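*Asks:* Next come a sequence and a model predicted from it.
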Amino acid sequence: MSARGTATARTLSAECTVAQRAGYEDLHGACRQLRDVPLPHSTRLLLVRRCGCDCHRPSGEGES
């Protein structure tokens, strides 16, 4: 297992991955991974990570 920059890697949902192709841009609206979903009875493990696509980020988030 390698640490290939996992802290900065953005994981996209299936919808947003396909929406990057020409002709499928409207699929960004079908993405439902808008927030992290924690694993039940866990404090730090995620069942589903939120989509890392720029179309879901509120303005100002991630900027320094």
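*Replies:* That came through, no problem. Just so it is clear, the structure is predicted and the values come from calculations on it, not from any experiment. Residues are numbered from 1 along each chain as shown.

*Asks:* what bits of this protein have low per-residue confidence?
*Replies:* The model of the chain has pLDDT under 70 over residues 1-9, 58-64.

*Asks:* mind listing the helices for it?
*Replies:* For the chain, the helices defined by DSSP state H cover 14-19.

*Asks:* Might you report the residue contacts of the residue lying closest to Cys55 once chain neighbours are set aside?
*Replies:* Counting by C-beta to C-beta, 6 or more residues apart in numbering, His28 is the residue found nearest to Cys55 once chain neighbours are left out, at 4.7 Å. Any C-beta I mention is one placed from the backbone N, CA and C, and that applies to glycine too. Residues near His28 by C-beta atoms under 8 Å, 6 or more residues apart in numbering: 15-16, 19, 53, 55.

*Asks:* if we go to 10 Å?
*Replies:* Contacts of His28 were listed using C-beta atoms under 10 Å, 6 or more residues apart in numbering, and they are 13, 15-16, 18-20, 51, 53-56.

*Asks:* any chance of these in a markdown table, plus distance to Leu34 and neighbour count?
*Replies:* Formatted as a markdown table, those follow (distance: C-beta to C-beta, whole Å; neighbours: other C-beta atoms under 10 Å):
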| residue | distance to Leu34 | neighbour count |
| --- | --- | --- |
| Ser13 | 9 | 22 |
| Glu15 | 11 | 18 |
| Cys16 | 11 | 22 |
| Val18 | 17 | 16 |
| Ala19 | 14 | 20 |
| Gln20 | 18 | 12 |
| Cys51 | 7 | 23 |
| Cys53 | 10 | 19 |
| Asp54 | 13 | 12 |
| Cys55 | 10 | 11 |
| His56 | 6 | 17 |
